Structures are given as C-alpha cells and as structure tokens.
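Enquirer: let me see the structure of the following:
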Amino acid sequence: MSLATALRPSTLDEYIGQQHLIGAGKPIRVSLEKDQLFSMIFWGPPGVGKTSLARIIAQTQSREFYELSAVSAGKADIKDIVTQTTEQRKSLLGHADLAPVLFLDEIHRFNKAQQDFLLPFVENGTILLIGATTENPSFEVNSALLSRTKVFTLHVLETEDLEKLITKAFTYWEKEYGFKPEMTAETKEWLINYSAGDGRKLLNALEQTLALYETVTIESLKTSIQSNFIKYDKKGEEHYDTISSYLKSMRASNPDAALYYLARMVESGEDPKFIARRMVIFASEDVGLAQPTALVVANAVFEAVTKVGYPEAQINLAHGTVYLAQAKKDRSAYDAYFAALDDVKKHGNLPIPLHLRNAPTKLMKELGYGKGYEMYPDPKESLLPDKLKGRKYLLRKEGSK
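Expert: Reported below is the predicted structural model:
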C-alpha cells in the first residue's frame with residue numbers, strides 16, 4: 001500500500017485542506033449535515049484531495065462508491081453501474097435507498113456523446129455524479145451537464161496543510177516501521193516548494209526517499225526523486241512572472257526569449273491549452289490588423305494542442321510562438337475598442353441616430369426611423385450618437401512594428 005493510500009482520510013475532520021468547502025458552515029459540510037447532496041464537479045490541480053473528498057461524501061452517507069477514469073472508461077462502464085444499481089433497488093422491494101456515488105476522474109476526457117449519455121442518470125437521480133477535472137469545466141464540460149451539477153474549485157494545498165501532511169506521514173512511518181524520520185526546517189521548506197501544493201507529489205517523494213534512506217535531507221530527496229527541480233507554482237508568483245515574460249518577449253519581437261520562457265512553462269507542466277489561449281488573445285491584442293492571419297495561426301495552435309496533448313503539443317506551441325514573435329505588431333483595434341467601451345461606460349445608452357434605426361412598423365417610419373438611410377453612406381459621415389459626433393477610436397499608426 002502506498003503512503004498516499006495509507007494516509008487517505010475517511011472523514012471530513014481528517015481531511016487536510018479545502019477549508020473553504022469543508023469548514024464549519026461551508027457548502028460541502030453543510031450539504032452533508034442537511035442531507036442535501038447533489039451532483040458536483042471538483043475542479044482543481046492534481047494532488048489536492050478530489051478523490052478523497054468524493055470517497056468521504058460516499059462514506060458519510062453509506063452510499064455505494066464507484067470510481068472510473070474517463071481516460072479508459074466509456075458508455076458501457078456507466079451502463080453496467082446503472083444496471084447494477086437498478087437491480088439492487090429492485091431487490092429492496094420498493095424501499096427507498098440512496099443513489100450510489102459515481103466518481104468520474106478526468107471527466108474532461110469524456111467526449112460530448114459520452115457526457116450526454118450521463119445526463120438522464122444524473123437528472124433522474126439514478127446516480128450521484130462527482131466529476132473531477134484539472135481543466136476549466138467551462139471549456140471542457142458540456143453546458144447541459146454543467147447545468148445539472150455544482151462546480152467546486154479546489155485549491156493547491158497551503159504550506160500549513162503540507163506541514164500537517166508531513167507530520168501525519170512521519171507518525172504513520174514510526175508506527176509501521178519502528179522509527180520516526182527526522183527533517184530539518186530547511187529540508188522541509190525545500191520539499192514543500194518542490195511539491196508546489198500537490199499533496200500526492202509530496203508523499204511520493206517522501207516515500208521514495210524513506211525507502212532508500214533513513215534520514216530525509218535535501219540531497220537524499222533529490223537523489224531519490226531523480227528529476228530536475230523547477231519551481232513553478234501554477235497559482236503563484238512564478239506562474240504569473242513566466243507567462244508575463246513570455247508575452248512581453250513576443251511583444252518585443254524576440255523569438256529567442258519567448259521560446260525560453262515557453263520551454264520553462266512546458267517543462268514545469270503548464271497546461272498547453274492555457275498557453276495556447278494566451279496566444280489567441282495575443283494574436284488580436286498585439287498583432288491585430290498588422291497581420292490578421294496571426295489569429296488563424298493561434299487558433300490552429302489551440303486546436304492542435306487540444307487534439308495532440310503533450311509531449312508533441314510543445315512543437316505546435318513553439319511553431320505558434322515563433323510566428324507571433326516575428327509578426328508585425330499593431331494594437332490599434334484593441335485600443336480603439338477599449339476607447340469606445342470607455343465612452344459607453346461614461347455616457348450610457350446614448351440615442352442612436354434616427355436614420356440608423358430599424359423601422360419594422362408604420363409608426364416607426366412615421367417617427368423618422370430609418371429615414372434618409374443610404375446603403376453606402378459617405379465614409380466621412382460619423383454615424384455615432386450626436387454627443388459623440390466626430391469621435392475617432394481607430395487611430396492607425398504608421399510603421400507598426
């Protein structure tokens with residue numbers, strides 16, 4: 001049994017982290033206390049307790065628990081669970097029972113047809129679905145399924161959570177193997193930084209090290225892990241600094257620097273779709289009218305990484321990065337839109353000129369709606385509300401970079 005499995009909590013009180021969901025008066029604890037459970041989706045990074053929380057929910061209410069991974073499961077697996085559940089309910093001779101919990105890990109890997117297949121069973125209460133995903137459900141889960149579930153965001157574990165996990169691991173190790181490991185404050189800090197809020201990653205590193213060495217030091221950890229340590233907390237300062245440097249390098253038309261920061265993100269396990277989404281934004285914001293095909297390329301990169309995934313997707317990202325870095329830059333469309341937006345916020349809904357208004361009724365025509373409208377008016381004519389006549393938003397600059 002792995003250390004992570006041995007330390008898996010069985011109650012909310014044993015659970016470490018996510019106090020915004022399971023603390024006193026918080027939604028999941030309250031829903032359990034009031035017996036008001038519903039299907040839900042846990043969205044969060046790896047190793048923060050999604051599976052453990054789903055198990056606790058099932059155990060607390062003595063519900064059957066089925067666990068599937070969307071990577072390998074399909075409609076047939078779901079159908080088998082539904083059939084089994086239906087037969088069990090029939091055997092109860094009409095007595096009510098609790099729907100089983102179906103925990104579907106990596107639910108974003110299910111395609112539309114597979115997600116649609118879940119809908120009737122979720123809707124009629126045959127199963128209580130708990131999906132888990134590291135991807136934004138807004139992009140990866142069908143709107144129909146989203147509307148029937150509640151999305152809860154799980155956060156990376158805090159330093160104090162990881163310290164509790166280390167203490168729990170050492171106590172278990174002493175009980176099972178007869179000695180309590182020791183660790184200096186410096187080593188503990190290194191291990192916590194290495195795990196980057198991922199409890200499973202922390203426990204695996206500890207287990208690998210303790211299997212080889214009796215003393216946990218930075219050196220013994222590095223030796224047992226046998227991998228490069230790159231500090232990159234996906235929700236911390238390093239994350240934002242790196243993506244900022246990547247975008248600024250492309251903006252400066254410096255492909256070498258952009259490729260370096262891209263490589264750092266890829267090597268650290270950044271979601272390729274996050275990088276590709278920023279490229280799509282960059283194509284309109286910074287390249288804009290200077291090279292309109294940039295948006296086509298950026299969208300193609302996003303589609304490619306969605307279909308391909310790592311490790312090959314890094315080639316698509318590199319291709320798009322070099323293209324965008326070398327493209328001419330023109331922010332005039334971006335600046336023009338936000339200047340117009342400022343006027344909308346400042347002045348509200350100003351009266352639209354009568355000749356531009358739609359005139360579907362006789363009364364509207366009598367009031368002058370659409371009167372004098374020309375299909376191809378003089379390009380110099382303003383067409384803006386009277387209060388903004390003459391206002392210029394699109395200011396193209398000569399010699400865009």
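Enquirer: please enumerate the strands of the chain.
Expert: 40-43, 65-69, 101-105, 128-133, 150-153 (DSSP state E).
Enquirer: now what about the third one, what contacts it?
Expert: Contacts of strand 101-105 from elsewhere in the structure, counted by CB atoms under 8 Å, 6 or more residues apart in numbering, are 50-51, 54-55, 57-58, 63-71, 73, 78, 81, 110, 118, 127-132. Where you see a C-beta, it was placed from the backbone N, CA and C, and this is true even at glycine.
Enquirer: what do you get if the cut-off is 6 Å, keeping everything else the same?
Expert: 54, 58, 63, 65-70, 127-132 (CB atoms under 6 Å, 6 or more residues apart in numbering).
Enquirer: emit the ChimeraX select command for whichever of those residues are buried.
Expert: Burial among the contacts of strand 101-105 is assessed by 16 or more other CB atoms under 10 Å; the matching ChimeraX selection reads:
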select :54,58,63,66,67,68,70,127,128,129,130,131,132
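Enquirer: find the pair from the contacts of strand 101-105 with maximum spatial separation.
Expert: Across these, no pair lies farther apart than 63 and 70, at 20.6 Å, counting by CB to CB.
Enquirer: wait, residue 285 touches residue 333, no?
Expert: No: using CB atoms under 6 Å as the test, residue 285 is too far from residue 333 to be in contact (8.6 Å).
Enquirer: skip the chain neighbours and tell me the closest residue to residue 48.
Expert: Using CB to CB, 6 or more residues apart in numbering and skipping the chain neighbours, the partner closest in space to residue 48 is residue 154 (4.8 Å).
Enquirer: distance check, the one you found against residue 67.
Expert: Between residue 154 and residue 67 the distance, using CB to CB, to the nearest Å, works out to 17 Å.
Enquirer: can you check residue 282 too?
Expert: Distance from residue 282 to residue 67, by CB to CB: 40 Å.
Enquirer: next: residue 99.
Expert: When residue 99 is compared with residue 67 (using CB to CB), they lie 15 Å apart.
Enquirer: swap in residue 359?
Expert: 62 Å.
Enquirer: cool, residue 140 as well?
Expert: 20 Å.
Enquirer: ok, now residue 365?
Expert: 66 Å.
Enquirer: ok, residue 167 next?
Expert: Residue 167 is 28 Å from residue 67, by CB to CB.
Enquirer: what do you get for residue 393?
Expert: 55 Å.
Enquirer: the most centrally placed residue in the chain - nearest residue in space that isn't next to it in sequence?
Expert: Nearest to the geometric centre of the chain sits residue 136, at 3.2 Å (CA atoms, centre = their mean). Distances taken as CB to CB, 6+ apart place residue 43 nearest to residue 136, at 7.0 Å, with adjacent residues excluded.
Enquirer: grab the nearest non-local neighbour of residue 110.
Expert: Residue 110's closest residue in space is residue 70 (CB to CB, 6+ apart), at 4.7 Å.
Enquirer: phi, psi of that neighbour?
Expert: Residue 70 adopts backbone torsions of phi -70, psi -10, taken as degrees, to the nearest 10.
Enquirer: for this structure, longest helix please?
Expert: The longest helix of the chain (DSSP state H) is helix 159-177.
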